[in-house]
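A.B. asks: Okay, predicted coordinates and the sequence, questions at the end:
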Amino acid sequence: NDEDGFGNQNTSGNDHSLRNRIVQNREHENGKQVPGKDVEHKTTLRYIIWGILIAGYLALVIAACVMNFHRALPLFVITVVAIFFVVWDHFMAKYESQIARFLSPGQRLLDSHWFWLKWVIWGCLILAVILWLVFDTAKLGQQQLVSFGGLIMYTSLTFLFSKHPTKVYWRPVFWGIGLQFLLGLLILRTEPGFMAFDWLGKQVQTFLGYTDAGASFVFGEKYTDHFFAFKVLPIVIFFSTVMSMLYYLGLMQWIIRKVGWVMLVTMGTSPVESVVASGNIFVGQTESPLLVRPYLPYVTKSELHAIMTAGFSTIAGSVLGAYISFGVSSSHLLTASVMSAPAALAISKLFWPETETPKINLKNAMKMENGDSRNLLEAATQGASSSISLVANIAVNLIAFLALLSFMNSALSWLGNMFDYPQLSFEVICSYIFMPFAFMMGVDWQDSFMVAKLIGYKTFFNEFVAYQQLSKLIHLRQAGGPKFVDGSMAPSRKRDITAGAMRALIAGTIACFLTACIA
């Protein structure tokens, strides 16, 4: 009996141990399933929250339109455009392969006849431009035709001094100048385009005016007594903060991706070039390469040259507000940046043609880097902090360049006095050297010497010095002197960056000259 009892007891213990293991295994399996359910629950909750927010926003838009449609028209247009692009992105992401198969017969037919068809298209476009010049531009005066001659002159000079003139691929050149012309026509010569950019410029100007609240609190009510230091530079800080927040939200990458896609499809430039050129419309010369930083070690020399040229040809977004505070029309600044982006790629591909095979494809380049901020507040803080070096750079360069300019003029005057010409100065020398370039941009003869001085200021110093001389900006370039692509982004390409920097500066300057000719 004792043995039977011991056996029963042992069996009972084994059963109990087995039940414990089964329970533990079930708990472990349930524990594994819980995280999956949590993720599904969070996803559902996120969709519900977004649905409520979107429905509430649409209700507000509808209510605003019902109350006063004219007053709510900008909000209505922005909403419609946003809905269109969101639906378009979703549609293309889901049905891209089906659309490609549907359009493939037409694509094959177009490719088979493209050799002669492209010349017909270009012939019609050139004829349209000639007719436009004859019937519209010429009636405004012969001076308008001078800038057309300047357009041809600058393009010819770029081709003459091209790195590989026999390897020029003309599609990005013609398309770049054509896009620049179409943008200028849309923005400057059509009422809807002009009104849209004028409205956008006013909104930017109003938005940047909120900087005064922070400046007056930090520097006091009389902060405008030191206009540049306490009025202009704080705008750079505020704009840098806003751009960092937009970057964190992904809005900036989304806009840049769309603009870059248009350039890629029309001009045939590589994805990296297109993304950086479109990015330079909104951000600065040192920030836009960050969008494609993982691919910088693999870009060709021509692509690297195009990246630097795009930076030299447009305004840094962080200093846009500084220019506006000088009294420049914000719509003119925005127009110049938009028009100069395709021109930069056109001149770059003419000045340094592609002789290698690009390694980066479309899908890779369109996957841009996101910021490392963990939330919106941290993004704002990082944006403000990152502007410290930019603000300091602008201030110290302005002090140094103005002092250097004063010394140079004094030395030249002393030298000229020995030959009974004490008026000799940096401005006088520049006025004669750059006068032909200014005149061929369409500037009146009597003003071309003055504009030539400003070209000299912005070329050898920076545009802030030119502004100090005549409160008018002739060239929209990165503040604080030339800044190339930071070698730390691609250490293996430092030698290529240095070798192509001067060519990029010249190409970026010519791209701006083309903008002036067309405008």
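C.D. replies: Noted; the coordinates are in hand. Residues are numbered from 1 along each chain as shown.
A.B. asks: Would you mind confirming that residue 343 makes contact with residue 313?
C.D. replies: Yes. Using C-beta atoms under 8 Å, residue 343 makes contact with residue 313 at a distance of 6.7 Å. C-beta: built from backbone N, CA, C; applies to glycine.
A.B. asks: Give the intersection of the neighbour lists for the two.
C.D. replies: Here residue 343 and residue 313 have 511, 512 as joint contacts, going by C-beta atoms under 8 Å, 6 or more residues apart in numbering.
A.B. asks: who has more neighbours, those two?
C.D. replies: Shown here are residue 343 and residue 313; by other C-beta atoms under 10 Å, residue 313 has more neighbours (36 against 31).
A.B. asks: which element follows the helix-or-strand element of the chain with minimal mean pLDDT toward the C-terminus?
C.D. replies: Every helix and strand of the chain was ranked by mean pLDDT, DSSP states H and E. The lowest is helix 362-365, at a mean of 55. Of the helices and strands lying after helix 362-365 in sequence (DSSP states H and E), the nearest is helix 376-417.
A.B. asks: list the buried ones in the very next helix or strand once past that following helix?
C.D. replies: Going down the chain from helix 376-417, the next helix or strand is helix 426-433, by DSSP H and E. The neighbour-count check on helix 426-433 (16 or more other C-beta atoms under 10 Å) flags 426, 427, 428, 430, 431 as buried.
A.B. asks: Poorly predicted segments of the stretch 401-519 of the chain, please.
C.D. replies: Along the stretch 401-519 of the chain, segments meeting pLDDT under 70 span 461-493.
A.B. asks: ok, now with 90
C.D. replies: When residues are selected by pLDDT under 90, those of the stretch 401-519 of the chain lie in 401-406, 408-409, 418-509, 511-519.
A.B. asks: The stretch 101-250 of the chain too?
C.D. replies: For the stretch 101-250 of the chain, the stretches with pLDDT under 90 are 101-152, 163-212, 220-250.
A.B. asks: quick one, helices of it?
C.D. replies: For the stretch 101-250 of the chain, the helices defined by DSSP state H, counting those that start in this stretch cover 143-160, 170-189, 191-208, 211-219, 227, 233-249.
A.B. asks: Pick the most deeply packed of those helices.
C.D. replies: Mean neighbour count (mean count of other C-beta atoms under 10 Å) peaks for helix 233-249 among the helices of the stretch 101-250 of the chain, with a mean of 23.
A.B. asks: so what does that one touch, helix or strand wise?
C.D. replies: Packing partners of helix 233-249 (3 or more C-beta pairs under 8 Å, 6 or more residues apart in numbering; DSSP states H and E): helix 191-208, helix 211-219, helix 251-267, helix 320-325, helix 376-417.
A.B. asks: Identify whichever of the ones you listed lies nearest to residue 447.
C.D. replies: Closest approach to residue 447 among the helices and strands packed on helix 233-249 is made by helix 320-325 (20.6 Å; C-beta to C-beta).
A.B. asks: Going by neighbour count, which residues in stretch 508-519 are buried?
C.D. replies: Quick answer for stretch 508-519 (16+ other C-beta under 10 Å): 508, 509, 510, 511, 512, 513, 514, 515, 516, 517, 518, 519.
A.B. asks: Now that stretch - C-alpha only, CSV.
C.D. replies: C-alpha atoms of stretch 508-519 as CSV (Å, rounded to 0.1, in the frame of the first residue of the first chain):
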residue,chain,number,x,y,z
GLY,A,508,25.6,79.5,-60.8
THR,A,509,26.3,83.2,-61.6
ILE,A,510,25.5,82.7,-65.3
ALA,A,511,22.3,80.9,-64.4
CYS,A,512,21.3,84.0,-62.4
PHE,A,513,22.2,86.2,-65.4
LEU,A,514,19.8,84.0,-67.6
THR,A,515,17.1,84.6,-65.1
ALA,A,516,17.7,88.4,-65.4
CYS,A,517,17.6,88.1,-69.2
ILE,A,518,14.3,86.3,-69.3
ALA,A,519,12.6,88.3,-66.5
